[in-house]
Each structure stands twice: as C-alpha cells, then as structure tokens.
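1. Predicted model, plus sequence, below.
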Amino acid sequence: MPSPIAHSVSGYVLAKFLPKNLSKNNASHWWNLGNFYPVFVAIFADFDFIPQFITGERFHRGITHTLIFAIGFSLMVGWVMNYFRQSSFKQLFLFTFILYSSHLLLDLFTAGGLGLQLLWPLTDTSFKSTILVFPQVYHSREVFDISNFISIAWELSYSVLIVSILWLWNNFSSSKFYE
C-alpha cells in the first residue's frame, strides 16, 4: 500500500489541477486553508489505524476504504465547510470526493493485500488492479528491512515524477509557449 508519502503528494498535486474558486461570493477559496486541506483529505482513509491501535482489531482497508464512506465524508465536509466558510457545497463535495477517491485509487494499484471492498455494504467483493504500481509493504518485517527502503524509494520516485509533471504543466501553461 502506498504510504502517506504517495497519498499526500498525490492529493497536493491533484488539488493544483482542480478549480480553485469554490465560493458563492468569490470571498472564500479552498486554498486559503493552505496545502493542509488536500493533503489531509487524501490521507484521511488511513486514519483507520487509530481505532485499530486502540482496540487491536483490524480496521485498515475497512470501512474508510469504501465509496460509501468517501461519499459520506465528502457530504459531511462539504456541508460543514459550506456552513462556516460560505463556500459552494456542490464544488466542495466534488473537490473532497475527488481527493478522497485518489487514496482509494492508489490503494487499488498496490501489490499484496486482499484489495478493497469498494462497494461495501452492497457487496463484500474485493477489488484489486492487475496493474500493480506500488510494491507490497511487509509490516511484519523489521523497520530497517531492505523491502521498506525499496518501498520508500519507489514512492519518493513516484512523488518526484508527479511533482515534476505539475511543475512542467505550470511552466508551460503560464509561458508564452503558444504565441
């Protein structure tokens, strides 16, 4: 599974490509929250480690890794942000849902594991891509095991690649390249 490195960078980069003005009256923008909001939403699904840590029960890749949770979370965040920031509920909902779904998408492309029950509670079927982008993480191995370094190096390479794409996009779209 991707670590918070890949999820955070993906949320950050994705947010840079999404519309910035989500306000009803052009007075409030989501980016006034800084880069915290897209990064927080993109990694939120992995906060399921907290009840797992407290109870010892397995929660990871459970309910927080389903589309129903993504929709509910996005509805709740959209409503709260709409109420307190006078922002467009529809745009905030869509923005949050896209960022949250980026987490689920990355987890689908991970080697190892059982996949995601994206359509729970409608079905218990697990989904997993046949195209694996991220290497398997072995939690049972020691912290300094070589497989952990490989995973981190892979995710850092992925992060450098997508940040480079963002940089190129920003430089070419703002330059007079087309004149």
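-> Sure thing, it's come through. Keep in mind that this is a model prediction, so the values were computed, not measured.
2. the helices in the chain, which residues?
-> 4-17, 36-43, 49-55, 67-85, 89-108, 146-174 (DSSP state H).
3. Quick one: distance of the shortest one to the chain centre.
-> When you say that, I think you mean helix 49-55. Here helix 49-55 is found 20 Å from its chain centre; the criterion is Cα atoms, centre = their mean, to the nearest Å.
4. got the contact list for it?
-> 57-60 (Cβ atoms under 8 Å, 6 or more residues apart in numbering). Using the backbone N, CA and C atoms, a C-beta is placed for each residue, glycine as well.
5. pretty sure residue 110 contacts residue 127?
-> No - using Cβ atoms under 8 Å as the test, residue 110 is too far from residue 127 to be in contact (11.8 Å).
6. Tally up the residues packed near the nearest residue to residue 5 once chain neighbours are set aside, please.
-> Closest residue in space to residue 5, ignoring its immediate chain neighbours: residue 155 at 4.6 Å, by Cβ to Cβ, 6 or more residues apart in numbering. Residues lying near residue 155 (other Cβ atoms under 10 Å) number 21.
7. What of residue 150?
-> Other residues near residue 150 come to 13 when the count uses other Cβ under 10 Å.
8. Chain neighbours aside, what residue packs nearest to it?
-> For residue 150, ignoring the flanking residues on the chain, the nearest one in space by Cβ to Cβ, 6+ apart is residue 135 at 6.0 Å.
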